[in-house]
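*Asks:* Coordinates only, no sequence provided:
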């Protein structure tokens, strides 16, 4: 999907990936279930290899201007488009449906369009099936799901975000209520559905439970990186500073004095924490993030690399080179500080580099240009960067559907997963030309009716193709992001329990959240607490239930299923 748009159907990935540690990076590990029930859980490495669909790049879809780069450990960059295709190629040869009627429920973070509108009717006609999608308020979706289950009112097709797995008890639902798609999609079986086969493998892995494939991935990326270290390219260039000269933590720190002018209210650094973790090769950390050391599962916080990253973040915060508002923990105005040139280096997600940023930055300063440092390691050695979860949202089919119905829905899904810029993609994302959108030199532009009907993430919450990068009117933005990602994938690795669905007993939910530790970590990065304070908080967390939770993961996940690598 384009990365140039707002928080609508077009900007879902952009908006979430734009905040490091957001939806795209949220762990699939869910502190849910009961101690007595462990249905619906981890997929073994052997089981996974037997069920994962083949990955086959499309040959009949639109050709991207910037092709996918294959990196290490299965990482892929997302394709880039400098212009919207003018020749809308069809990737589905005939009407996919055969007249069936199906209901679906999805979360929506936006205005709910009117029922049975012209866009819905046109898409049902294109699908050859009556697919009625009922959007629910995404903000309270987690409370909606249990009600549906308790009342036995599950639709034929339903989206469940990974962060709602606990409330929905998705692990048990997969076994008891959802259809097993393994016979239809595993291995070469998926080749019957070329658009589905073109979705990166990691997306399908996130939809696997108990050695079976149960769902369709939504908003799948081949990398989902967080923690891009950005800089004001125009300002550094004016000072004769080249980004390629920054190859270590010391190099980065040395820019502090060179770029900071307190008299002018200009500071070298804004909040850098997520990038600092990557620089120090610290494992992804936060609630529910783990590492295996000496055959035991430990918290990602409890590593030498994390300690080194935290000490460096504290050093930055106390240096006088960090913007005072950033040191006060103000994240609301961080973009404005960057756009106005009051802070010159910041950390954010890949979604921050887009057309909206380009437009806002140019509005603040006509010379504005965002750049990103290539990934580097604190000591100048070969860097590494963790893959994020490939998909944060998964949709499932009702177990009560017949084989014939499932096969029809698979044909519908193949249509809905058509790649960026195709005829089908344009229909799904923009609607009817002349009614919902007009084609301009910058690509499809919504009409007033389209804004109300087709400009929402509706069908995209059932399945989507691999994400694509486009920023029409700002080609350099697309080129820059694709170049950065194409380099970063070379250093990608799979963090512990990557893309694994794990059902842990609910008694560990408090320990899993690590609320007090997370709070102290944030304060250390602002300079208001010390690394020693963090070590004390971590020790207290272990004593108050954290170690018991870690022991559970060692015995029930790592010892039985491995680390997911």
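*Replies:* Great, that's in hand. Small disclaimer: the values here were computed from a predicted structure and weren't measured.
*Asks:* ok, residue 433 - contacts?
*Replies:* By C-beta atoms under 8 Å, 6 or more residues apart in numbering, residue 433 lies in contact with 439, 444. Bear in mind the C-beta positions are built from the backbone N, C-alpha and C, glycine included.
*Asks:* if I look at it, how far off is residue 447?
*Replies:* 10 Å (C-beta to C-beta, to the nearest Å).
*Asks:* so where's the stretch 1-150 of the chain shaky on pLDDT?
*Replies:* Scanning the stretch 1-150 of the chain for pLDDT under 70 picks out the ranges 1-42.
*Asks:* Report the buried residues of whichever strand or helix holds residue 107.
*Replies:* Per DSSP states H and E, residue 107 falls inside strand 101-108. Of all the residues in strand 101-108, those buried under the rule 16 or more other C-beta atoms under 10 Å are 102-108.
*Asks:* can you pull the contacts of residue 123?
*Replies:* By C-beta under 8 Å, 6+ apart, the residues touching residue 123 are 131, 427-428, 431, 459.
*Asks:* Just send those residues back as CSV, with neighbour count and distance to residue 396 too.
*Replies:* Shown next, in CSV, are these (neighbours: other C-beta atoms under 10 Å; distance: C-beta to C-beta, whole Å):
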residue, neighbour count, distance to residue 396
131, 22, 15
427, 23, 24
428, 25, 20
431, 25, 26
459, 24, 16
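*Asks:* Tell me the one of these nearest residue 69?
*Replies:* Nearest to residue 69 among the contacts of residue 123 is residue 428, at 26.3 Å by C-beta to C-beta.
*Asks:* What sits closest to that closest one if chain neighbours are left out?
*Replies:* residue 459 (5.4 Å; C-beta to C-beta, 6 or more residues apart in numbering).
*Asks:* Tell me how far residue 237 lies from residue 472.
*Replies:* Distance from residue 237 to residue 472, counting by C-beta to C-beta: 25 Å.
*Asks:* Kindly report the same for residue 383.
*Replies:* Using C-beta to C-beta, residue 383 is found at 32 Å from residue 472.
*Asks:* Next: residue 68.
*Replies:* For residue 68 relative to residue 472 (C-beta to C-beta), the value is 20 Å.
*Asks:* helix, strand or coil for residue 541?
*Replies:* What DSSP: H, G, I helix; E, B strand; the rest coil gives for residue 541 is helix.
*Asks:* Can you tell me the closest non-neighbouring residue to it?
*Replies:* What sits nearest to residue 541 in space, not counting adjacent residues and going by C-beta to C-beta, 6+ apart, is residue 517, at 5.1 Å.
*Asks:* okay but the one you found is in contact with residue 536, surely?
*Replies:* No - applying C-beta atoms under 8 Å as the test, residue 517 and residue 536 come out as separate, 10.0 Å apart.
*Asks:* Run the chain-centre distance for stretch 455-469.
*Replies:* Centroid displacement of stretch 455-469 relative to its chain, using C-alpha atoms, centre = their mean, to the nearest Å, is 13 Å.
*Asks:* whoops, I mixed them up, stretch 364-373
*Replies:* 25 Å.
*Asks:* Then stretch 74-94?
*Replies:* Taking C-alpha atoms, centre = their mean, the mean C-alpha location of stretch 74-94 is offset from the chain mean by 20 Å.
*Asks:* can you check stretch 163-178 too?
*Replies:* Centre-to-centre, stretch 163-178 and its host chain are 20 Å apart (C-alpha atoms, centre = their mean).
*Asks:* what about that stretch, average pLDDT?
*Replies:* Averaging pLDDT along stretch 163-178 gives 88.
*Asks:* picking up where we left off before, and residue 517 and residue 536? Which one has more around it.
*Replies:* A direct count of neighbours by other C-beta atoms under 10 Å for residue 517 and residue 536 places residue 517 higher, at 24 against 14.
*Asks:* Noted, bye for now.
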